[in-house]
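Undergrad: This is the structure alone, sequence omitted:
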């Protein structure tokens, strides 16, 4: 991939810029116990999607009100669980480099504003643009979040690189017409097998 053609970077949050895996799994473990869902099944589908999308898939017979209440509880369990939330390796160096060269970037996350700001704040990350589920009507794998971020940055989607660590996020980036870089052994236009330091090393001088 020729990164010289990339004019903006659109980052997922959890698992991409922020290591919150333990917090996410703890919240789903408690939630699963409260709502009677097998934890293994929940964790198999939860990563990368908004809570309501995950819950609707787990309990398709639930009413919209039931799904909303369950999703609100799941988020509530995460808000203050920040003790071991840290930046992913290479995240701060990469974002600092983008700032130095004046490259626009944004965070596009399946979290809501409160949770996103809490986790990013715990990591010392202040994005120029933050798009959460509060700003859109359809979460990943729908491309709406990435399209919204590209539009707000004033960059054509085809000139944006989405950086993701989940299948729903990769699907959303592709559907938006963006180039996609994949983490954690997933595959896309650019496979970052060594994590974000690989992407930093590829940036034009």
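TA: Structure received. These numbers come from a predicted model, not from an experiment.
Undergrad: what's the burial count for the closest residue to residue 184 other than its chain neighbours?
TA: With sequence-adjacent residues excluded and distances taken as CB to CB, 6 or more residues apart in numbering, residue 184 is closest to residue 165, at 4.7 Å. From N, CA and C alone the C-beta is placed, and that goes for glycine too. The burial metric for residue 165, expressed as a neighbour count using other CB atoms under 10 Å, is 25.
Undergrad: Would you mind measuring from residue 165 to residue 185?
TA: Relative to residue 185, residue 165 is positioned 9 Å away (CB to CB, to the nearest Å).
Undergrad: Residue 200 now?
TA: Relative to residue 185, residue 200 is positioned 19 Å away (CB to CB).
Undergrad: Between those two, point out the one with more neighbours.
TA: Neighbour comparison, residue 200 and residue 185: the larger count goes to residue 200, with 18 against 9 (by other CB under 10 Å).
Undergrad: circling back: correct me if wrong: the residue nearest to residue 184 contacts residue 182.
TA: Yes: at 7.4 Å, residue 165 and residue 182 qualify as touching, with contact defined as CB atoms under 8 Å.
Undergrad: residues near residue 86, how many?
TA: Summarising burial for residue 86: neighbours were counted as other CB under 10 Å, giving 15.
Undergrad: And for residue 97?
TA: By other CB under 10 Å, neighbour count at residue 97 equals 13.
Undergrad: Spell out the secondary structure type for it.
TA: For residue 97, the reduced secondary structure class is helix; criterion used: DSSP: H, G, I helix; E, B strand; the rest coil.
Undergrad: where exactly do the helices run in this protein?
TA: Read by DSSP state H, the chain holds these helices, from start to end of the chain: 21-35, 39-46, 51-58, 64-79, 91-101, 113-122, 144-153, 167-175, 196-202.
Undergrad: And those helices: which comes nearest residue 189?
TA: Relative to residue 189, the nearest member of those by CB to CB is helix 167-175, separated by 8.4 Å.
Undergrad: packing partners for the closest one?
TA: helix 144-153, strand 160-164, strand 179-182 (3 or more CB pairs under 8 Å, 6 or more residues apart in numbering; DSSP states H and E).
Undergrad: can you put these in JSON lines and add distance to residue 193, mean neighbour count and mean pLDDT?
TA: Rendered in JSON lines, the data for the helices and strands packed on helix 167-175 read as follows (distance: least, CB to CB, whole Å; neighbours: other CB atoms under 10 Å; pLDDT from 0 to 100):
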{"stretch": "helix 144-153", "distance to residue 193": "23", "mean neighbour count": "22", "mean pLDDT": "98"}
{"stretch": "strand 160-164", "distance to residue 193": "14", "mean neighbour count": "28", "mean pLDDT": "98"}
{"stretch": "strand 179-182", "distance to residue 193": "9", "mean neighbour count": "24", "mean pLDDT": "98"}
